[in-house]
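Chemist: coordinates only, no sequence provided:
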């Protein structure tokens, strides 16, 4: 099923992200985790795409298993900054053959250990090519706090408009920890004429060091309430997991209460975290 059709139904949806392994010996454990999360019957599941396309086959394989074996709508990520056009069209052909209808088109992070191919500069170029390559539902990324490389939030929104004009059907946000940032962002992009559905990306924090490093790289704002949780429970992994899940749940409830129906959880391949979030929202969903 196409994700734009799922989102158009106007009711709360919960989806999860998984990421493929970097090496073949880890494939089985990732596939098992994806399978466990699929049992929760999410609205859809996204499968990320490694830098340089090194894990592209794993992305296709996991997305295909979700679609065919677990009957869960799959969203395959596709990045282009380190890919050739030939490679992109090869992956699109594999997705089409596997029956995958949904692609999340991303420029991707600038690599430190792989060459930039220079055949693509922006995600909008990739979106345009995917649109021409077949009947895909295309998603893109958006940044409520502005992309870390952008000169300003206004210019970043101009790039988002270019993605929509190129043919993107919905956008998913980078993680954020203060819902007011998203509400302000939604107001601003609607004023700019961007009307595609926005899926809110939520990260339940269970690994403090990892999330702090990630926030430093992405420029994500950490509110004082969240910092207090990290300060109090950060050295106790079990307590931090419980507090992180509670914080994410509270975020999601507030979003749904304020009309943001589409929630995408960055579950970091942790079925137990995905399960607890789903349980916490059982009546709300």
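Modeler: That came through fine. Everything quoted here is computed from the prediction, not taken from an experiment.

Chemist: all strands for the stretch 51-200 of the chain, in order.
Modeler: 74-79, 102-106, 137-142, 170-173, 198-202 (DSSP state E, counting those that start in this stretch).

Chemist: for residue 91, see how far away residue 263 is.
Modeler: Using Cβ to Cβ, to the nearest Å, residue 263 is found at 27 Å from residue 91. For glycine as for every other residue, the C-beta is placed from the backbone atoms N, C-alpha and C.

Chemist: repeat that for residue 75.
Modeler: 14 Å.

Chemist: so the two - more neighbours on which side?
Modeler: residue 75 (25 against 20; other Cβ atoms under 10 Å).

Chemist: my read: the more buried one touches residue 44, true?
Modeler: Yes - applying Cβ atoms under 8 Å, one finds residue 75 in contact with residue 44, separated by 5.5 Å.

Chemist: overlap in contacts of these two?
Modeler: Residues touching both residue 75 and residue 44 (Cβ atoms under 8 Å, 6 or more residues apart in numbering): 3, 15, 102.

Chemist: this protein: helices as residue ranges?
Modeler: Along the chain, counting by DSSP state H, helices occupy 3-7, 27-38, 56-68, 85-97, 123-133, 153-166, 179-191, 208-218, 224-233, 237-257, 271-280.

Chemist: looking at the ones you listed, which is nearest to residue 140?
Modeler: Evaluated over the helices of the chain, closeness to residue 140 peaks at helix 153-166, with 4.5 Å, by Cβ to Cβ.

Chemist: got the angle for the helix or strand of the chain with the lowest mean pLDDT vs helix 237-257?
Modeler: Taking mean pLDDT, DSSP states H and E as the measure, helix 208-218 is the helix or strand of the chain with the lowest mean score, a mean of 80. Interaxial angle of helix 208-218 relative to helix 237-257 (axes from the mean of the first three to the mean of the last three Cα atoms, to 10 degrees): 50 degrees.

Chemist: what about the spatially closest residue to residue 70 that is not a sequence neighbour, distance to residue 66?
Modeler: Once flanking residues are discounted, residue 70 sits nearest to residue 38: 3.8 Å by Cβ to Cβ, 6 or more residues apart in numbering. To residue 66, residue 38 is 6 Å away according to Cβ to Cβ.

Chemist: what touches both of those two?
Modeler: 45, 72.

Chemist: pLDDT weak spots in the stretch 1-150 of the chain?
Modeler: Applying pLDDT under 70 to the stretch 1-150 of the chain flags the ranges 50-55, 110-117.

Chemist: if we go to 80?
Modeler: Scanning the stretch 1-150 of the chain with the threshold set as pLDDT under 80 gives 50-56, 82, 109-118.

Chemist: with the stretch 151-285 of the chain instead?
Modeler: Ranges of the stretch 151-285 of the chain meeting pLDDT under 80: 210, 212-213, 216-217.

Chemist: so residue 145 versus residue 180, what's the distance?
Modeler: From residue 145 to residue 180 the distance is 11 Å (Cβ to Cβ).
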